[in-house]
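> Dropping the sequence and predicted coords here.
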Amino acid sequence: RSKCQTVWMASSCACPKSKGARWRQKILRHAGFSLFQPAPARQKGAKLDRYGKAGPLQKTVVNSWNEWDPLKHVIVGRADDGHIPPQEPALDAKVPEDSDMRGQWGRRPQETIDRANELLDNFAALLEKRGVRVDRPTCIDHAKPATTPDFHTDSQFGCMPPRDVLLTVGSEILEATMSYRCRWFEYLNYRPLMQQYWNEDPKFRHEAAPKPRLTDADYHPDYLSDKIGVEKRLQWAAEKFFVTTEEEPLFDAADVLRFGRDLVVQHGFTTNLKGIEWIRRHFPDHRVHAVNFPGDPYPIHIDATFTPLRPGLILNNPQRRLPEDQRKMFHDNDWEIVDAAQPAHNSPPPLCYSSTWLSMNVLVLDPKTVCVEASEVYQMEQMDKLGMEVVPVELRDAYAFGGGLHCCTADVFREGSCEDFFPNL
C-alpha cells in the first residue's frame, strides 16, 4: 500500500477517543508517521535516501526501548567455530531424551558452519539493503575450555545468537550472567563492538551483570536423570521447579522482552527469580514482570513463545499459553494476544537444541514489517493477515547454531523513546 493509503486506513473508522484509534495512532507514530505532529528532525550524521528518509547512522548511537520501533542498527551473529558443548547440568536438562544431541559434543562439521555463515551473511546483506547498519562479532576460539576456580568444561558454544547475551535498554547494553558454563566467556565475542560503541557514543552505557560462580549448588541434581519424561517435566514447569536453583542471580538476555517502560521476563531454565530481582534492581525506573509458560517442558528463552509485533498485538505459542492471571496486565491495557500459526516443520534440523517453534522467532523491522524464516509458510500467511509486510529470510540451516531470526540479532538502535504501553497498571 502507498503511504497515503496506510495513513488513511490507520486513521479512519474510529473516533479519536476510541481504543482502536488510540492503538492506530501509536502504530503510526512507531512506524514513523504522525497525524498531528511534524516529522521528527533527522539525526545528525544520518543520510537521506531518494525518498527523503533517514538511512543508517554513520556514527554509533545506542538506543532501543522495545521490540518493534524502526530498526536502524543491529548486530548479526556468526557461526564461526560453533561447538556442541560437553555435558553439564544446565545442558543435560535442556536436551530431550530422544534428541540426536544426546552424548555428542565437539566442533560442528565445517560444511554446516559454512552453510550457516552463508545464510547469516545473506541476512546481514538483506538488512543493509533495507537501510539497517549491521555489525558482526569478533569470534574467539570456542574450542578452548571454559575454566574458572569453580568449574571446568572442555569447550565453549559459539557466537551466532547475540540476543542471548546482550540486552539493550535505552542507551545501555547489558551483558547477561548466562546460566551455562560453556557460555561463561561468550561475552568476549562482543567486547570489540562494545568498545567501539563506547568510543563513538558518549551516552552509551556498557554494563555487565555479576558473573555467577556456576557451582553444582546452582543446579538441581534431579534434572540429570535420563528417566525423567515429558509429563514429569511439564509438572515441574507448572510448579516452577526448574534446573537452576536460587543460589545466585542467573539470567539470559533472551528471556527478556522490552515494552518501553516495562520489561517482561520469563522464569525458567535459564533465568531464576534472583535473576529477575537483579534486573528489577538494576532498572529501577522500569516495571519488571515475571512470567512463565506451564506448557513448555524446556522453558529456555521467551522469543519462541511470546512475540510482540507492534503496540497492542502479541503472538503466543498455542502450546505454551500465558496463564490467565498473567494476561491481566495485557488485557487491561488493550493488548490482543493471538495464537501463533503452526510451524511448517514436524521436527527441528539435525543437531539443534531448539524446537519447531522457532517458526515464531521473527525479527520485527518496524510495526508494519517483519522478517520470517522463508520455509515457515503458515507463519508468513498469518503475518500477512495481521497486516504485516513479510520479508522471507532463509535461515533454517543455521538454527542449530543458536536459534532463529530474533536470536541471531541484537538491537543497537531503534527509533523512538521510552513510552508507557501499560498506563492502567
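Here it is on my side, so go on.
> Need the contact partners of the longest helix seen in the chain.
In the chain, taking DSSP state H as the definition, the longest helix is helix 110-129. Residues outside helix 110-129 that contact it (Cβ atoms under 8 Å, 6 or more residues apart in numbering) are 56, 71, 74, 76-82, 134, 136, 160, 351, 371, 391, 393-395, 397-398, 400-401, 405, 408. In short, each C-beta sits where N, CA and C put it, glycine included.
> Okay, buried residues for that helix please.
The neighbour-count check on helix 110-129 (16 or more other Cβ atoms under 10 Å) flags 112-113, 116-117, 119-120, 123-124, 126-127 as buried.
> ok so, going back, now the buried members of the contacts of helix 110-129.
Looks like those have 56, 71, 74, 76-82, 134, 136, 160, 351, 371, 391, 393, 395, 397-398, 400-401, 405, 408 buried, using 16+ other Cβ under 10 Å.
> which ones among these are found in strands?
Of those, the ones assigned to strands by DSSP state E are 56, 71, 74, 76, 134, 371, 391, 393.
> Doesn't V364 belong to a helix?
No: using DSSP: H, G, I helix; E, B strand; the rest coil, the assignment for V364 is strand, not a helix.
> tally of neighbours for the closest residue to it other than its chain neighbours?
Spatially, and ignoring its direct neighbours in sequence, V364 is nearest to W68 (4.7 Å; Cβ to Cβ, 6 or more residues apart in numbering). The local packing of W68 (other Cβ atoms under 10 Å) involves 25 other residues.
> ok so, going back, between the buried residues of helix 110-129, which is closest to P202?
Distance to P202 across the buried residues of helix 110-129 (Cβ to Cβ) is lowest for L127, with 26.1 Å.
> What separation do you get for the closest one and F151?
Plainly put, L127 is 37 Å away from F151 if you go by Cβ to Cβ, to the nearest Å.
> Equivalent analysis for V165, please.
Distance of V165 to F151, computed by Cβ to Cβ: 19 Å.
> Can you pick out the residue with more neighbours from the two?
Shown here are V165 and F151; by other Cβ under 10 Å, V165 has more neighbours (26 against 17).
> count of residues packed around I84?
By other Cβ under 10 Å, the residues close to I84 number 19.
> Also S417?
Counted with other Cβ under 10 Å, S417 comes out at 10.
> do D141 as well
Neighbours of D141 (other Cβ under 10 Å): 10.
> Would you agree it is in contact with D81?
Yes: when contacts are counted by Cβ atoms under 8 Å, D141 is listed as touching D81 (6.6 Å).
> what residues are shared contacts of the two?
Joint contacts of D141 and D81 (Cβ under 8 Å, 6+ apart) do not exist.
> what pLDDT, on average, does the helix or strand hosting K274 get?
Using DSSP states H and E, K274 maps to helix 273-282. Mean pLDDT, computed over helix 273-282, is 98.
> Tell me the buried residues in the next helix or strand along the chain from it?
Following helix 273-282 in sequence order, the next helix or strand is strand 287-291 (DSSP H and E). For strand 287-291, the neighbour count (16+ other Cβ under 10 Å) marks 287-291 as buried.
> ok, T305 - contacts?
Listed by Cβ under 8 Å, 6+ apart, the contact set of T305 reads 266, 293, 296, 299, 316-317, 320, 357, 360.
> how near is the closest residue to D201 other than its chain neighbours to S171?
Leaving aside its sequence neighbours, D201 sits nearest to T60 (Cβ to Cβ, 6+ apart; 4.8 Å). Distance, T60 to S171, by Cβ to Cβ: 11 Å.
> hey, what's in contact with both of the two?
Joint contacts of T60 and S171 (Cβ under 8 Å, 6+ apart) are 201, 204.
> Looking at those two, which is more packed in?
The neighbour comparison of T60 against S171 (other Cβ under 10 Å) goes to T60, with 20 against 17.
> is it true that that one touches P202?
No: using Cβ under 8 Å, T60 makes no contact with P202, being 10.3 Å away.
> Excluding chain neighbours, what is closest to T244?
That would be N272: by Cβ to Cβ, 6+ apart, it lies 4.7 Å from T244.
> Next, find the distance separating the one you found from S375.
When N272 is compared with S375 (using Cβ to Cβ), they lie 35 Å apart.
> Show me which of these two is the more surrounded one.
Set side by side, N272 and S375 show more neighbours around N272, with 26 against 15, by other Cβ under 10 Å.
> Run through the residues that contact the more buried one.
The contact partners of N272, taken as Cβ under 8 Å, 6+ apart, are 179, 242, 244-246, 249-251.
> Apply 7 Å and report the result again.
244, 246, 250 (Cβ atoms under 7 Å, 6 or more residues apart in numbering).
> Pipe those residues into a markdown table and attach secondary structure, pLDDT and distance to L234 per row.
What follows is the contacts of N272, written out as a markdown table (DSSP: H, G, I helix; E, B strand; the rest coil; pLDDT from 0 to 100; distance: Cβ to Cβ, whole Å):
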| residue | secondary structure | pLDDT | distance to L234 |
| --- | --- | --- | --- |
| T244 | strand | 94 | 18 |
| E246 | coil | 98 | 21 |
| L250 | coil | 98 | 22 |
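> What about those, which one has the most neighbours?
Of the contacts of N272, L250 is surrounded by the most neighbours, 29 neighbours in total, counting by other Cβ under 10 Å.
> Can you name the residues bridging to E172?
Going by DSSP bridges, E172 is paired in beta bridges with V169, R205.
> And the helices in the stretch 51-200 of the chain, which stretches?
For the stretch 51-200 of the chain, the helices defined by DSSP state H, counting those that start in this stretch occupy 89-94, 110-129, 191-200.
> averaging pLDDT over each of these, which comes out lowest?
For those, where the average pLDDT is lowest is helix 89-94, sitting at a mean of 66.
> Could you report the distance from A340 to I302?
As judged by Cβ to Cβ, A340 and I302 stand 13 Å apart.
> Show me which of these two is the more surrounded one.
A direct count of neighbours by other Cβ under 10 Å for A340 and I302 places I302 higher, at 27 against 24.
> quick one: the more buried one and D255 touch, right?
Yes: between I302 and D255 there is a contact under Cβ atoms under 7 Å: 5.3 Å.
> I am finished for the moment; much appreciated.
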